[in-house]
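K.L.:
Would you be able to build a 3D model of this:
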Amino acid sequence: MSDQDRRRGEVPIRPAGPGRLVSGTAWVVLFLGLWLWGRDATDVHAGMSRPATGDMAAAGRPPDLPLPPAHAPLGDALPERLDVPGLGISAPVLARGLDGRGGIEPPSFDRADAVGWYAAGVTPGEAGAALMVGHVDTETRPAVFYRLSGIEPGATIRVVRAGGGTAEFTVDDVRVLDRDGFDARQAYAPRTTGRAELRLITCGGTFDRATGGYTANVVVSAYLTGTGP
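P.N.:
As a prediction, the model looks like this:
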């Protein structure tokens, strides 16, 4: 493990805990270019969004919605807490690696109230796309991102950073991506060169009892628009 990995708190890869959202079926597979995408090596143009199924909200961004200008990227600082005021989310952030199939490993089910940050990528506020994942539910109760599909473009997301200060993001896009034919670029790649972006990812669509997983992923895209205390 490198000094950078130790500084960012990357954790050893370990299997996810028991529950309905099992590793390998609940999380999409990352491709080899994930780290490069997170480092702002590739741009992605806005694509088609489609409604979720089941109880999930419609996805996308209204074409006439005014959004604030982007803030200049910040320096490197570890994320400590994720706050989404409009959804009542205030969750600790845990550094995560990849699972045995190459997907981002979410927190264990006994920490279903926590959010996992992909520690080999950028920190929230740096240029590039910082990736955070969380469970939508467990076998017995809702989890941290249970209401994530209800977020709307223009909503505020705050990430409390180590050493003080908060990175403030504005949601600009919500997509529901089917597992079949999943396009990793839409989920993970930065949308605009040089911009500090954030992705919040959880399970969506409908629960497939045959496979023990969900049929889609909810991907919330946001970009840095300010800072706070």
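
K.L.:
Do a quick rundown of the helices in this structure.
P.N.:
3-8, 34-38, 184-188 (DSSP state H).

K.L.:
Tell me the buried residues in the last one?
P.N.:
Buried residues in helix 184-188, counting neighbours by 16 or more other Cβ atoms under 10 Å, are found at 184, 186-188. C-beta coordinates here come from the backbone N, C-alpha and C atoms, glycine included.

K.L.:
mind listing what residue 165 touches?
P.N.:
Neighbouring residues of residue 165 by Cβ atoms under 8 Å, 6 or more residues apart in numbering: 77, 227-229.

K.L.:
ok so, going back, next, format the buried residues of helix 184-188 as CSV and append pLDDT and distance to residue 177.
P.N.:
Formatted as CSV, the buried residues of helix 184-188 follow (pLDDT from 0 to 100; distance: Cβ to Cβ, whole Å):
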residue, pLDDT, distance to residue 177
184, 77, 9
186, 77, 6
187, 81, 6
188, 84, 11
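
K.L.:
Can you lay out these as a markdown table showing distance to residue 151?
P.N.:
Shown next, in a markdown table, are the buried residues of helix 184-188 (distance: Cβ to Cβ, whole Å):
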| residue | distance to residue 151 |
| --- | --- |
| 184 | 21 |
| 186 | 17 |
| 187 | 16 |
| 188 | 19 |
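
K.L.:
Return the per-residue confidence for the residue nearest the centre of the chain.
P.N.:
When Cα atoms, centre = their mean is applied to the chain, the residue found nearest the centroid is residue 200 (2.3 Å). Residue 200 carries a pLDDT value of 96.

K.L.:
How many neighbouring residues does the residue nearest to it when sequence neighbours are not counted have?
P.N.:
Once flanking residues are discounted, residue 200 sits nearest to residue 220: 4.2 Å by Cβ to Cβ, 6 or more residues apart in numbering. The number of residues packed near residue 220 is 26, by other Cβ atoms under 10 Å.

K.L.:
my guess is residue 220 meets residue 170, correct?
P.N.:
No: the criterion here is Cβ atoms under 8 Å, and residue 220 misses it with residue 170 at 11.1 Å.

K.L.:
Please spell out which residues along the longest strand seen in the chain are buried.
P.N.:
The longest strand of the chain (DSSP state E) is strand 213-228. Buried residues in strand 213-228, counting neighbours by 16+ other Cβ under 10 Å, are found at 213-225.

K.L.:
In terms of secondary structure, what does that strand contact?
P.N.:
strand 156-161, strand 166-178, helix 184-188, strand 196-208 (3 or more Cβ pairs under 8 Å, 6 or more residues apart in numbering; DSSP states H and E).
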